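In: predicted model follows, preceded by the sequence.
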Amino acid sequence: MIWFLLAHLAAALLGPTLVRAWGRNAFYVLALAPAATAAWVASHDPTQLAHAPVDQSIPWIPALGIELSFRLDVLSWVLLLIVSGVGALVLAYCARYFKDTEVGLGRFAGVFTAFAGAMTGLVAANDVMVMFTFWELTTIFSYLLIGHYVEKQASRRAAMNALISTTAGGLAMMVGLLMLAHGAGSMRLSTIVASDLWQHPDAFLVTAMVLVIAGAASKSALVPTHFWLPGAMAAPTPVSAYLHAAAMVKAGIYLLLRFGPGLAELPALSALVAILGAVTMLLGGWRALRQTDIKLLLAYGTVSQLGFMAAISAIGTQGAGLAALALLISHALFKAPLFMVVGIIDKKFGTRDLRRLHRTWRSAPVVAVIGIVSAASMAAVPPLLGFVTKEAVFTALWYGGPAQQALLVVLVAGSVLTVAYSWRFVAGAFGPGSDGACAVPPSIPVGFWLPPALIGVGTLVLPALAGTLEDVLHGYSDTLPSAPAAVHLVVVPHLGVPLLASVLALGIGALVAWRAGAVERFQQAVSPQRRGEDFASWFDAEKTFRRIMRGTDRLAVAVTGLFQRGSLPYTLGTMLIVLIALTVPVALSYGRIPTNIVWFFHPGELFVLVVVAIAAIGAARARRRLRAVLLVTVTGFGAALLFLMWGAPDVATTQVLVETILTVVLILVLRRLPLHFSRRPLKGDQWVRWAIAIGTAAVLCGVALIAAGARTAEPLGPGLIETAYTIGGGHNVVNVTLVDARVWDTMGEISVLLVVATGVASLIFVTRREQRIPRVRDLEHTQPIWRRGATARIPQNVLSFDVRPEQTAGNRWRTWLSAGLTLAPERRLVILEVVTRLVFPLMMMFSVYLLMAGHNHPGGGFAGGLVAGLALTLRYLAGGRYELTEAAPVQAGLVLGVGMATAVLAGVLPVLFGGAVFQTVTIVQHLPILGETHFPSAIIFDIGVYLVVIGVVLDFLRSLGSQIDRQQEADLDAR
């Protein structure tokens, strides 16, 4: 299963490129990934999976018990066929739905394919955290797909509504899943469902399941979060056909079915979900009858059907489980084609308004047949699959007891509305209309209507295979508690109350459809809008949601204004006071200062501490910004010297390099700031600031001492020395720890570096993030930049030197640096240029040495990247911004991206060969001259770190260096 997830990932990454090369026909290629998944799933016998599920597991985070665990049982087999089979056909449908000129088509293709992969992972995952990861990925990808038309406010608002609603539910679900994992003692879903946890329900279990139900309800658009689904119809119709009919909205129903055995032991929660589902079914069906947009009509119909599925899924008996899973299948097979039909009508007839559509069946008879058959299945017209599954639902409820019989009455009322809006769709999409005829459309190609036709065939074929389908679904339903009476999937049911309920639903539904005008007038009469917009807004879920969001925004503004007033001293002071107030009571109550304190190991440490203290006090009292920066740098170098005295050359080296880079960055920033700090605060404020500073220092020192004295376990350091070589393949314990033992920490750190670099650059590059890199060869003449103003008393022949080397003899006009001529003579330092020319290659070689030798000697990718960054900094300081582009003629974002991709690749590669994520393998080779060489695979991750650090430095130099250069040049020109 992992290979198919990787196939989806590869297809998603290649999607934009394929679309640029082949246009919309690239969707046919992208459809191969879900089609291959569907073929693989179909190759498994579901009856065998009921007894012997297919399990795949790879350790991911063993310390937390998290694995890349996937399981193929009957439930996931059914869902995977729907997700991948329908997904492949919808992708093929996209090839005819979109035009080659569609804006953002490449991005859409990649995101859509990635969503299909995320949905595949969600259904197949057997680890709660892996499932939650894919759950949130579907939320993110759906946000991008719903908001595809970025220029439309409705699309952006709908995407945000869906994101916030489903994310809130997803976070609640995560907490619930972790609680269940803790109670069951395992992170595996299969183990949790089969554990003894459910035999003794308590408040802990009920709370966990309430949180899980909250996630399922938000994902499947149950009341009160139902409002986001109709709004999501602002997305392209293929998104609606897949996400909102066959895939994402089914995730909540899948979760309820997965925990069906547990819900059966919690009747109160089962009743809660049934009530939510019944209310959702009635509300969705009622709202569907008022829609004139046939796509929006289907959206409210989907809300109604999701409520129907949730109500029966929550019961947790064998009959209800079989009926619910069959209903889920039938819904996917009729709702996805219906949305596709709407897409065809919209594209070919130019409208979705049922009042303007006029006898479209004459121009598109095949499309009309697909739509009518699918709508009939939705209305449960015999002998279609919708009728077979709904009859099974009614049978399960009728023989389930009084409570379920009461639920049956409500669901029959909802089915009446289903029949009514199904007829409204058919009459509106293919009937005569009421506002005049549409223009005659062009012919509809086979590739446009064939995908919905292939999906809709299941509605006609599966009733003939009802017995086989029932045998398959028994593989899931048999895991549930037994029911009072058996439920079967049959085309011709026995006479009884369930059949009578189906007849009543069809008959009354037809009557409601026939008296549509009277029903519409009744809806208007009871509508809350008759009592005013303000009153009606309290009954509108979306408006209530927006009201809550506006209230949250106002509260956030009030709180932010209270604590963040735009004053850096005030903000820092507040943070430090809170730190002191929270830490001191705990430290005094539970802490104890150790008695075996060693004040210093060498008298030289005292000297360094005195220098650092003087520099720190001087920085706090400095009036000039540059002086303060240099004094702060002294404190950093002093810390590096202490690290070196304590036997930590790696840490000392990194500290020196980081301090040097930071000093350069701060100095670059100072060019846009005044020379001096603002006025000093009043005397009273100075005492407050000193008190906060001294109090914070005392608290931090005290916490460090208390933490050191609270140790009860043996330090891990000595044990890492041997394991660093035997497992990590290196003698440098620090570097091996960073790229092997604590590789996830380092992964997080370089991710933060990437985000920070992107944020800083985005603040500076106001117009465009990735601008064209200017090169010296692109200049028409070597007019110097950074020259003095017109009033400067410098001879003209010094300021103007447009002479090319090829125009002179010898080396008279050759420069030490590639872009030396782009600087005015008064800004050039020949000694610095000479030194840079000699030192730059050596620094780059040294950086590569640190990278390659870091596994066994002081160094590593971080230190090597910093040295390379300093080399680029030297080129910039010596030759200006054009010299920087000559040294690194590549976008910083590309370097950052390649570095991050390399780091991720280092984690994924071991999985492809059957290992664990980020597992290190040492390759031993006997090379000529060099002899026996050891190549640990962790070096790949170190290379990624190396590139990320270089990208960060390059980004800072481009944003805080080159960009500020341009601004100052523009200022000089303006004068």
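Out: Great, that's in hand.

In: low-confidence ranges, the stretch 151-300 of the chain, go.
Out: Across the stretch 151-300 of the chain, nothing is flagged by pLDDT under 70.

In: which residue ranges of it form helices?
Out: Ranges of helices in the stretch 151-300 of the chain, per DSSP state H, counting those that start in this stretch, are 153-184, 189-194, 203-219, 228-231, 237-242, 250-258, 260-263, 267-288, 294-313.

In: the third one: which residues count as buried?
Out: Pointing back at helix 203-219 there. Buried residues in helix 203-219, counted by 16 or more other C-beta atoms under 10 Å: 205, 208-209, 211-219. Heads up, the C-betas are built off the backbone N, CA and C, glycines and all.

In: circling back to that earlier point, tell me which of the helices of the stretch 151-300 of the chain lies nearest to Q405.
Out: Proximity to Q405 (C-beta to C-beta) singles out helix 267-288 among the helices of the stretch 151-300 of the chain, at 12.2 Å.

In: got the angle for that closest one vs helix 250-258?
Out: Here the directions of helix 267-288 and helix 250-258 differ by 150 degrees (axes from the mean of the first three to the mean of the last three C-alpha atoms, to 10 degrees).

In: return the helix or strand in the protein with minimum mean pLDDT.
Out: helix 796-799 (a mean of 43; mean pLDDT, DSSP states H and E).

In: buried ones in the helix or strand just after that one?
Out: Downstream of helix 796-799, the next assigned helix or strand under DSSP states H and E is helix 830-853. For helix 830-853, the neighbour count (16+ other C-beta under 10 Å) marks 833, 836-837, 839-840, 843-844, 846-847, 850-853 as buried.

In: how about stretch 540-560?
Out: For stretch 540-560, by 16+ other C-beta under 10 Å, it's 541-542, 545.

In: check stretch 216-229 too.
Out: Along stretch 216-229, these residues count as buried under the neighbour rule (16+ other C-beta under 10 Å): 216-223, 225-229.

In: can you pick out the most distant pair from the residues you listed?
Out: By the measure C-beta to C-beta, the buried residues of stretch 216-229 have their two most distant members at A216 and F227, which lie 16.8 Å apart.

In: pretty sure I923 sits in a strand.
Out: Yes: counting by DSSP: H, G, I helix; E, B strand; the rest coil, I923 is found in a strand.

In: list the contacts for it?
Out: Listed by C-beta atoms under 8 Å, 6 or more residues apart in numbering, the contact partners of I923 are 934-937.

In: with E932 as the reference, measure out to it.
Out: 11 Å (C-beta to C-beta, to the nearest Å).

In: what's the neighbour count on A513?
Out: By the criterion of other C-beta atoms under 10 Å, A513 has 20 neighbours.

In: for it, what are its contacts?
Out: Here A513 is in contact with 419-420, 423-424, 427 (C-beta under 8 Å, 6+ apart).

In: next, the angle from the host helix or strand of it to helix 267-288.
Out: According to DSSP H and E, A513 maps onto helix 497-514. Between helix 497-514 and helix 267-288, the angle comes out at 30 degrees (the same axes, to 10 degrees).

In: please shift the residue numbers so they start at 49 in all later answers.
Out: Fine by me, first position is 49 from now on; the one you just mentioned is helix 545-562.

In: for the record, mean pLDDT for helix 545-562?
Out: Throughout helix 545-562, pLDDT has a mean value of 94.

In: what residues sit buried inside it?
Out: Buried-residue list, helix 545-562, by 16+ other C-beta under 10 Å: 546-547, 549-550, 553-554, 556-557, 560-561.

In: how about these in CSV, adding distance to S463?
Out: What follows is these, written out as CSV (distance: C-beta to C-beta, whole Å):
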residue, distance to S463
P546, 12
L547, 13
A549, 8
S550, 8
A553, 4
L554, 8
I556, 9
G557, 7
V560, 11
A561, 13
